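Student: I'll drop the sequence and a predicted model, then ask my questions.
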Amino acid sequence: MGLRFGKRKLSIGSMRKRDVPDGLWEKCPGCGEILYAKELEASLGVCSKCGHHFSMGRQKRIDLIADEGTFVEWDAGMTSVDPLEFTGQESYIAKLEVNQKKTGFKDAVTCGAARLNGRDIGLGVMDFSFLGASMGSVVGEKITRLIERCTAEKRPCILICASGGARMYEGLFSLMQMAKTSAALARHAKAGLSYIPVLTHPTMAGVMASFATLGDVIIAEPGALIGFAGPRVIKETTQQNLPAGFQRAEFLEKHGLIDMVVPRPQLKARLALVLDYMSNP
């Protein structure tokens, strides 16, 4: 059944499809369920059918962890430069400008002071939507400053991690951030202060090999991909079939790399419990 306009025939189905506003529904990549966007937002981006965790923007993650109105950003104006004068199909500067416009942020991490259930903390949140949350000089410097300021102010530090790895536009400058952030965490630990990384999907390569896995307690979201090289690269290199669930949060918890897998709606309460335990003399 359809209506004819001139030489074109429109079906009732196509007319209905055009009447549906964009962004009203989301298809779950975990189970294929069609989810109402407002209900998905109310559930903190967790599928009500299978528990798949959708990606979450940095401001929503800050709102999830920090007590309302307590987050104060540090080093907000820090911006990447192009030390290697990198050029390809697009220049590095052009890539930065596109991502800054898209996200509204200067770079891939936001750091600052906050309170969690009334406790003073330092909080950092990495954002995969900004150049894959790749670790360039600014990302490494902001995270290092976050840790060092937490050490100076005797705050526990929580870092929400996500990354595809090093920012190759910056070459060796990017790789140096692994050592710098790790050294800051060593001084933080020597001061007897807590550090808890929360690994989200995906947390890979240099980030995973440095500050993402140097926590006192390492937490991950369900289903998060966590590793150094990707599964395809490992399979091609070793010529071996990988076990089911390889590099997923649940597999890594079972094999001892991470301490606990915590669903997003329970994360704030679990972080508060861990901090209470670790600060109890």
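Tutor: Great, that's in hand.
Student: Give me the contact list for stretch 52-65.
Tutor: Residues outside stretch 52-65 that contact it (Cβ atoms under 8 Å, 6 or more residues apart in numbering): 26, 28-31, 40, 44-47, 71, 105, 110, 114, 116, 123, 125-129, 158, 160, 200-201, 221-224, 263-264, 267-268, 271. For glycine as for every other residue, the C-beta is placed from the backbone atoms N, C-alpha and C.
Student: Among these, which ones are in strands?
Tutor: Cross-referencing these against strands under DSSP state E gives 26, 110, 114, 116, 123, 125-126, 158, 160, 200-201.
Student: where in the protein is pLDDT low?
Tutor: By pLDDT under 70, the low-scoring segments of the chain are 1-23, 280-281.
Student: re the thing from before, taking the contacts of stretch 52-65, please make a ChimeraX selection of just the buried ones.
Tutor: This is how ChimeraX selects the buried members of the contacts of stretch 52-65, with burial counted by 16 or more other Cβ atoms under 10 Å:
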select :26,28,40,44,45,46,47,71,105,110,114,116,123,125,126,127,128,129,158,160,200,201,221,222,223,224,264,267,268,271
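Student: Turn the ones in strands among the contacts of stretch 52-65 into TSV, columns for distance to C150.
Tutor: Output for these, formatted as TSV (distance: Cβ to Cβ, whole Å):
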residue	distance to C150
E26	36
T110	15
A114	11
L116	13
L123	9
V125	15
M126	16
I158	9
I160	15
T200	20
H201	25
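Student: which residues in this protein form helices?
Tutor: In the chain, helices defined by DSSP state H lie at 12-19, 37-42, 58-65, 92-103, 137-152, 172-190, 205-208, 231-238, 249-254, 267-279, listed in chain order.
Student: most packed of those helices?
Tutor: Across the helices of the chain, averaging neighbours per residue (mean count of other Cβ atoms under 10 Å) puts helix 205-208 on top, at a mean of 24.
Student: just checking, what packs against that one?
Tutor: strand 157-163, helix 172-190 (3 or more Cβ pairs under 8 Å, 6 or more residues apart in numbering; DSSP states H and E).
Student: what about that helix, distance to the chain center?
Tutor: Once both centres are worked out by Cα atoms, centre = their mean, to the nearest Å, helix 205-208 turns out to sit 12 Å from its chain's centre.
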